[in-house]
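Engineer: need coordinates for the below:
(2 chains)
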Amino acid sequence: MAESELSIFLLALLAGAIRVGTPFLFVSLGECLTEKGGRINLGLEGILVTGAMTGYAVSYLSGSPWLGVLAAGGAGLLLGLVHGVICSLPRVNDIAFGIALILFGTGLAFFLGKDFIQPSAPMLPSIPLGFWSDDTRVRSALNVNVLFFIGVALAFVLHWGLRGTRWGLVLRLVGDHEDSAQALGYRAATVRIVATGVGGFLAGVGGAYLSLYYPGSWNEGLSSGQGLMAVALVIFARWQPINCLWAALLFGAAGAVGPALQAVGIGWSYYLFNAIPYALTLAVMVVTCRPDRTLSGAPGELSLNR
Amino acid sequence: MLKPWLGRAAVLALPVLPTLLAMLTTAVLFVLFLLIQGQPAWQAGPLVFEGAFGSLFAWENTLMRAAPLMLTALCVALPARAGLIIIGGEGALVLGGLAAAVTPLWLPALPAWPMLIAMGVAAMLAGGLWIGLSGWLRQKRGVNETIGSLLLSYIALAVFRHLVEGPLRDPNSLNKPSTPPLDGGYQIGVISDSFYVHWGLVAGVVACVLAWVLVRYSVVGFALRIVGGNPRTPRMLGLPVDRLVLLTCVLGGAAAGLAGMYEVGAVQGSANSALISGYGTAGILVAFAARHNPLAIIACAILLGGLEASGGLLQRRLGLPDATTLILQGMLFINLLAWEALTSRTTNWRLWLRGHWIAAPADALTGKREARHG
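Structural biologist: Now for the predicted structure:
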């Protein structure tokens, strides 16, 4: 009996890692791209919520969840561009502006999303990888959303793109040493604005996953700081897109511990189990950061390191 | 035609110019936003004013909200003096409130005053420790304080909810889990019956004035300015950087914890989830709007308190959702930061004004012509 409970727990954990980790993956890839350019965007949290609302609303109004995902990305792109443009002005602190964007993004989403809390929108489809099993629990656990595979592919594409393409090299140059990029004739501000915009697009898609797949509804308590944890996650992943994938799965598993324990009947201290991802993030940062030296792989222009 | 006193007034007004422009742009953008929504935008402005400062009742409501904002803004402004961006004030506030709420349960029965002091000390200790931990992690372990303090705040909220709905829950609080209610004698009253605002307002103003004296006139404040300005200079001077940073964090956290105590003692009567109402987040906005100047925090907290107080009126009269004030706050924050870019120009403008308008008023016209050529 105990053994089957353990296997249920592990199965729920694995399924949860993928299910909870997918938005982490998208947001952290977006943040990774932004930070490679030397900016930090804490506002991805606000973009995530706006994306969730936009995705849900467009999916409901148009009947197509994929159009919703695209619209969510578009909303994220716009907010990301705002961050990129305004932080290019002199004396504007990107961390502070990120906090402002969190307020604005969540406010915007709550304001415009009031009418979409009740109706139910069409959801994103998933691929039944558990077709071989008779156990319904295995089947439901192995229902994996298409966006997860897109995210995994994206991690590998970005990994290659940052190393092997002209665009990737320019972005890394701007992020590592602005003066050299300037000397070579690249406009650092433009490159950063584009990177922040694309990062916002990815965060918006991550938000659409939240409202259109898991948990799969739009309400005001939908996001629980995933956008901010993604910032820490990128540090943990040492600014490597492929590491972002593993880190996102780890964080997803941490977020799934609470629900997985509930699946086997342990329901006490629900709130404490939900805090595991935060504690894990903090622990990871304490272990990986050092006050006297910057981390290997950290972009040199990042205000985080100064 | 161009009077020197006008020039002097312009020089004095220049530092406030970005803030004024930010408020103006926010108002314009907000009206535009409402117009796009098809809302009666022209009624919103007067309503915000009416709900915030239109009557004695509105003033009381505004000041009641301004009190915790002053304290949570200090939680951002004091560490900012040392160059840290701390955004975890919400966590310090709820832990402070919880500490204040359980102190009377764990101490023997005391007269009101000693008990209130004990509650205040407990609240300040809890808040100070929590934000101090963020500062310590940043100085000793290199953990970015913005992310660190926010994660600690999330953890604090989880611990708070767990304790209030679990071990510390009053079995009699059925549909709204809370700690046992404070004994009537230990509740914090209002300043007077004709001015229905609790004593937290006085605490907030006093804390801001004390903080202002600290950063403006004390040796510690002078050292802080060096620490906040540049990371290398203070080390060369041999200043105890770590201790100074920790001090600002602990003091800031203590202020936020105190805000929690007043919310519990004067508003809620016990620690419950109504304590998590965004005062910590709004405090960040207040501190940035005040440019981390403790005296300016008093004014900014009253303004923002008014904005929040008018939310109810907007909701009732215009049927706007409660997120309206959140949008307004976000717009204001964005504009404040964006107009900050102007400060790189205002210094030049001030020099120009000094040189051409005040010092040599007779040459003002030629100065103007020169500027046009330049």
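Engineer: every contact and neighbour count from this point should use C-alpha atoms.
Structural biologist: OK.
Engineer: okay, now residue 183: neighbour count?
Structural biologist: Looking at chain A here, since you left the chain open. Per other CA atoms under 10 Å in any protein chain shown, the neighbour tally for A:A183 reads 9.
Engineer: the chain in question should be chain B.
Structural biologist: For B:D183, the neighbour count with other CA under 10 Å is 13.
Engineer: what's the answer for A:A57, then?
Structural biologist: A:A57: 28 surrounding residues under other CA under 10 Å.
Engineer: what do you get for B:R316?
Structural biologist: Other residues lying near B:R316 total 11 when counted by other CA under 10 Å.
Engineer: distance of it relative to chain A?
Structural biologist: 15 Å (CA to the nearest CA, to the nearest Å).
Engineer: tell me the contacts of that residue?
Structural biologist: Residues in contact with B:R316 (CA atoms under 8 Å, 6 or more residues apart in numbering or on different chains): none are found.
Engineer: repeat that for 10 Å
Structural biologist: Going by CA atoms under 10 Å, 6 or more residues apart in numbering or on different chains, B:R316 touches B:D322.
Engineer: pull the distance from the least confident helix or strand in chain A by mean pLDDT to the chain's centre.
Structural biologist: Ranking every helix and strand in chain A by mean pLDDT, DSSP states H and E puts helix A:136-141 at the bottom, with a mean of 77. Centroid separation for helix A:136-141 versus its chain: 26 Å, with CA atoms, centre = their mean, to the nearest Å.
Engineer: show me what that helix is packed against.
Structural biologist: Under the contact definition 3 or more CA pairs under 10 Å, 6 or more residues apart in numbering or on different chains; DSSP states H and E, helix A:136-141 sits against helix A:2-36, strand A:126-128.
Engineer: what does it rub up against?
Structural biologist: Defining contact as CA under 10 Å, 6+ apart, one finds that helix A:136-141 is touched by A:8, A:11-16, A:18-19, A:128-133, A:135, A:142.
Engineer: so is stretch A:198-215 next to chain B?
Structural biologist: No: remark: stretch A:198-215 sits outside contact range of chain B, by CA under 10 Å from any CA of the partner chain, the gap being at least 16.8 Å.
Engineer: what residues does the stretch 51-200 of chain B put near chain A?
Structural biologist: Counting by CA under 10 Å from any CA, the stretch 51-200 of chain B sits next to chain A at B:85, B:87, B:137-163, B:165-167.
Engineer: repeat that with 8 Å
Structural biologist: Selection of the stretch 51-200 of chain B residues close to chain A by CA under 8 Å from any CA of the partner chain yields B:85, B:137-144, B:147-148, B:151-152, B:154-155, B:158-159, B:161-162, B:166.
Engineer: in ChimeraX, select just the buried ones from these.
Structural biologist: Typed into ChimeraX, the line below selects the buried ones among these, using 16 or more other CA atoms under 10 Å in any protein chain shown:
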select /B:85,137,138,139,141,142,143,144,147,148,151,152,154,155,158,159,161,162,166
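Engineer: from the residues of the stretch 51-200 of chain B next to chain A, which ones fall inside helices?
Structural biologist: With DSSP state H as the criterion, helices contain B:137-141, B:147-148, B:151-152, B:154-155, B:158-159, B:161-162 from among those.
Engineer: so who does residue 135 touch?
Structural biologist: I'll assume chain A. Taking CA under 8 Å, 6+ apart, we find A:D135 in contact with no residue.
Engineer: was after chain B, sorry
Structural biologist: B:145, B:245-246, B:249.
Engineer: highest neighbour count among those?
Structural biologist: Going by other CA under 10 Å, B:C249 tops those with 32 neighbours.
Engineer: how about it, phi and psi?
Structural biologist: phi -60, psi -50 (degrees, to the nearest 10).
Engineer: and the gap between it and chain A?
Structural biologist: Distance, B:C249 to chain A, using CA to the nearest CA: 18 Å.
Engineer: ok, and the closest non-adjacent residue to that residue?
Structural biologist: B:G132 (5.0 Å; CA to CA, 6 or more residues apart in numbering or on different chains).
Engineer: ok, B:A158 next?
Structural biologist: Nearest residue to B:A158, sequence neighbours excluded (CA to CA, 6+ apart): A:Y271, at 5.4 Å.
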